[in-house]
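*Asks:* Below is the sequence, then the predicted model.
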Amino acid sequence: MMTIEAKWVERPPKVIAFVCGLIAIILLIIAIAANSWIEAQDYRQGLWKICTYDNLGDIETCLNPEASSRAWLLACAILSIVSLLVCVIVVIVTGIGLKTKDHTQKYKLYRVATFLMFGAFVLELIALIVFPVMFIKDLDQKSAKMQISEWYFAWSYGIAWGAAIFEIGCAILLLIDKDNEEIYYKEKTTYREPEYGH
């Protein structure tokens, strides 16, 4: 007697895409929560607060941004948060796609996840471009008041870029090899000894 057993073999790019999505979520949470997207001497700024140090550099004071800066900072924060939420949805959809046995449903889930992750990447990319451009514009308008001659991108801005890289990596991994889900067929021959009746 011969039996044929069919097994799904999950493609490594899909599993790696799932992991990239998880890493992007962690990095986005850190970047959104931090107040260090841009730093200068006695000054740092994130999406939510502007922090300055006193003349001795000992005491840090963190304040909400001025009204003129609030609109673009809020826009960058909203873009990053929406990117994070979409990224969470993509990881859930990809996880469901990894678990399902239905090839048609698997294809649809991966396709939805791919488009959503490209969207999340675009949102984060816009936030990462708008933030420094608007900071420079604010700096030019308030140069006498702010007294910042040199500034640089801080660690959390770099982490936000890392998240964007993992987002696009996830989207590309979901996109490639989309039509080649493998089904592994295993033939098994079993021999039975004839049973003799009593």
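*Replies:* Sure, I can see it.

*Asks:* got the residue ranges for the helices in this structure?
*Replies:* 12-33, 67-99, 103-141, 143-146, 155-175 (DSSP state H).

*Asks:* tell me the contacts of Gly119?
*Replies:* Gly119 is in contact with Val86, counting by C-beta atoms under 8 Å, 6 or more residues apart in numbering. Any C-beta I mention is one placed from the backbone N, CA and C, and that applies to glycine too.

*Asks:* pLDDT score assigned to it?
*Replies:* Looking at Gly119, its pLDDT reads 97.

*Asks:* same deal with the one 10 residues further on?
*Replies:* At Ile129, the model reports a pLDDT of 96.

*Asks:* So what's the residue count around it?
*Replies:* Using other C-beta atoms under 10 Å, Ile129 is surrounded by 11 other residues.

*Asks:* could you check the distance from it over to Leu116?
*Replies:* 21 Å (C-beta to C-beta, to the nearest Å).

*Asks:* now do Ala40
*Replies:* Going from Ala40 to Leu116 by C-beta to C-beta gives 37 Å.

*Asks:* cool, and Arg70?
*Replies:* Counting by C-beta to C-beta, the gap from Arg70 to Leu116 is 29 Å.

*Asks:* Show me which of the two is the more surrounded one.
*Replies:* Neighbours were counted for Arg70 and for Leu116 using other C-beta under 10 Å; Leu116 has more, 18 against 11.

*Asks:* For the spatially most central residue of the chain, which non-adjacent residue is closest in space?
*Replies:* Nearest residue to the geometric centre of the chain (C-alpha atoms, centre = their mean): Ala24, 3.1 Å. Nearest-residue entry for Ala24: Phe166, 3.9 Å, with adjacent residues in sequence omitted and distances by C-beta to C-beta, 6 or more residues apart in numbering.

*Asks:* just Phe153 next, same as before
*Replies:* Take Phe153 and drop its neighbours on the chain: the residue closest to it by C-beta to C-beta, 6+ apart is Ile38, 6.2 Å away.

*Asks:* quick one, what contacts that neighbour?
*Replies:* 44-45, 131-132, 135, 151-154, 157.

*Asks:* now do 7 Å
*Replies:* By C-beta atoms under 7 Å, 6 or more residues apart in numbering, the contact set of Ile38 is 44-45, 135, 151, 153-154, 157.

*Asks:* pLDDT weak spots in the chain?
*Replies:* Residues of the chain meeting the criterion pLDDT under 70: 1-11, 55-60, 66-69, 142-149, 177-198.

*Asks:* at 50 what do you get?
*Replies:* 182, 184-185 (pLDDT under 50).

*Asks:* Find the residue closest to Ala164 in space, skipping its chain neighbours.
*Replies:* Glu124 (4.5 Å).

*Asks:* The one you found against Ser83, yeah?
*Replies:* Yes - look at Glu124 against Ser83 with C-beta atoms under 7 Å: they come within range, at 4.2 Å.

*Asks:* how many other residues sit next to the residue nearest to Ile29 when sequence neighbours are not counted?
*Replies:* Leaving aside its chain neighbours, Ile29 sits nearest to Leu84 (6.8 Å; criterion: C-beta to C-beta, 6+ apart). Number of residues near Leu84 (other C-beta under 10 Å) recorded here: 22.
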